Every structure is written in structure tokens, then in C-alpha cells.
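>>> below are the sequence and a predicted model; questions follow.
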Amino acid sequence: MNNTKRIPPDQIVTEKFPVLHAGQVPSIQLETWDFRVFGLVEEEKSWNYDAMMSLKKENKSNDIHCVTGWSKLNNEWTGIPVKEVMSHVKIKPEAKFMMIWAEGGWNTNLPLEDFMREENLFATHHNGEPLTLEHGWPLRLVIPHLYFWKSAKWVRGIELLAEDKAGYWERAGYHMYGDPWKSQRYWND
Ligand SMILES: Nc1nc2c(c(=O)[nH]1)N[C@H]1C(S)=C(S)[C@@H](COP(=O)(O)O)O[C@H]1N2
Ligand SMILES: [Mo]
């Protein structure tokens, strides 16, 4: 297969799986862990850990692209498709954007339309193994068509918004959208 079509501009393929995040790896308490859907929804929704893990899982395979320049091809993820989670939620018509919330208050934003894509999932496993804590256990988002910083590790909730709002890295100057194929790394790219 011709890999050049799979590698966005100025990215280098790595076989490794680098670990990148702001701050410390959080400590997770499964007894109090929940996953919340709030903001512009008809009814707020939350799942505890067991309820979340009992949602229907699927396998998805994709390439990931970090804004710092590495890409990792052929990742196999197991998890709950975003579409499956959202099938339990009634979104208000004025909702157009998402804020994704992680353990400890880290966040990232993206359009609702991009969040709802078929290939997106809340992953529990990578390449056949349970996620390690440093890669986002017990649950991480995977949004393969945007730079990997939109793929929140230790994800705890999603907020539906009418307007786009900057998340953690976006407030620090990263692009509001982050399309790797257009090299949208920083706000003025
Ligand atoms: N909660 C949280 N999720 C995060 C981040 C973070 O700082 N906090 N960093 C993002 C960035 S910049 C990248 S490149 C990927 C890295 O994921 P990895 O450590 O599993 O490779 O996680 C993303 N998700
Ligand atoms: Mo990143």
C-alpha cells in the first residue's frame, strides 16, 4: 500500500506510541467514576463505570496524527462508538459544538458534526490490550480525522454548546479545528 496518501504534511511515522499530555497522569477512582452528557440536551445523562462498560462495543482501525509531528498507522481500537453513546441522548437543535471534558478539568473543543462521525469511539483497548493509565485508561476518545490532541484521554463527559469555545490547548494557541491534512496546528495556520 502507498503510505504517502496516509501521511499528512510534515508528519513522520513512528512505530512507538509516545505519551503526551498536560500535567500529571491522574489517579482514577472507579467507584465514583461517571460519564456525563450535559449542556444543550433534552435530558442530562450519566453512566457509572459498569453501565458505561455494558454499552455495545466495536473494533475500529485508524491512523493517528499528533500535532508535534508523529503519526502512528494501523491502530486497532476497541470501544464504544460515539454514535452508540449518542443514541441514548436527545440533542437540542441549537447544539452545534462540543466541549470534551477529561479527569481534572482538561478540555478540548470540536464541532458536533465532527464528533458524530461513524469512525469515532470511546476506546477501552488499543491493539488488543486494555488501555494503560498513561494512554487514558479507563476511557479515551479517539477522533482520527483531527490532530490527536482532540482525542481526550481520561474522558469523563461531553458538553453540547451553541457556540465554539476554546479548550485547554486551543486557549494556548492551538487551532480551533485541527485538520492534519491542512496543517492546522496553530490558530493562524
Ligand atoms: N486528558 C488529556 N487528554 C489528552 C491530552 C491531555 O493533555 N490531557 N493531550 C492530547 C495530546 S496533545 C495528544 S498528542 C494525545 C496523546 O495521546 P497518547 O499519550 O495516548 O499518545 O492525547 C491528547 N489527549
Ligand atoms: Mo499532541
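That came through, no problem. Numbers count the residues shown, from 1 in each chain. Ligands and ions are numbered 1, 2, ... in the order given.
>>> C-alpha from now on. contacts and neighbour counts both.
OK.
>>> briefly note if the longest strand seen in the chain comes near ligand 1.
Under DSSP state E, the strand in the chain containing the largest number of residues is strand 70-81. No: using CA under 6 Å from any ligand atom, strand 70-81 never reaches ligand 1; the gap is at least 8.7 Å.
>>> so which bits of that strand are buried?
Across strand 70-81, burial judged by 16 or more other CA atoms under 10 Å covers Trp70, Ser71, Lys72, Leu73, Glu76, Trp77, Thr78, Gly79, Ile80, Pro81.
>>> what sits closest to the last one if chain neighbours are left out?
It refers to Pro81. Leu121 (4.0 Å; CA to CA, 6 or more residues apart in numbering).
>>> TSV please, covering the buried residues of strand 70-81 and showing distance to His145 and pLDDT.
Output for the buried residues of strand 70-81, formatted as TSV (distance: CA to CA, whole Å; pLDDT from 0 to 100):
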residue	distance to His145	pLDDT
Trp70	14	98
Ser71	12	98
Lys72	13	98
Leu73	13	98
Glu76	15	98
Trp77	15	98
Thr78	17	98
Gly79	17	98
Ile80	17	98
Pro81	15	98
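>>> sorry, back to before: the longest strand of the chain: partners in the sheet, and parallel or antiparallel?
For strand 70-81, the paired strands and their directions (DSSP bridges) are strand 12-13 (parallel), strand 58-65 (antiparallel), strand 121-126 (antiparallel).
>>> return it as CSV; C-alpha atoms alone will do.
Output of strand 70-81 as CSV, limited to C-alpha atoms (Å, rounded to 0.1, in the frame of the first residue of the first chain):
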residue,chain,number,x,y,z
TRP,A,70,4.4,12.0,14.7
SER,A,71,1.8,9.7,13.1
LYS,A,72,1.1,6.2,14.1
LEU,A,73,-0.6,3.9,11.5
ASN,A,74,-2.9,0.9,11.8
ASN,A,75,-4.1,1.4,15.4
GLU,A,76,-6.7,-1.2,16.4
TRP,A,77,-9.1,0.2,19.0
THR,A,78,-12.0,-1.4,20.9
GLY,A,79,-14.6,0.8,22.5
ILE,A,80,-18.0,2.3,22.5
PRO,A,81,-18.7,4.2,19.2
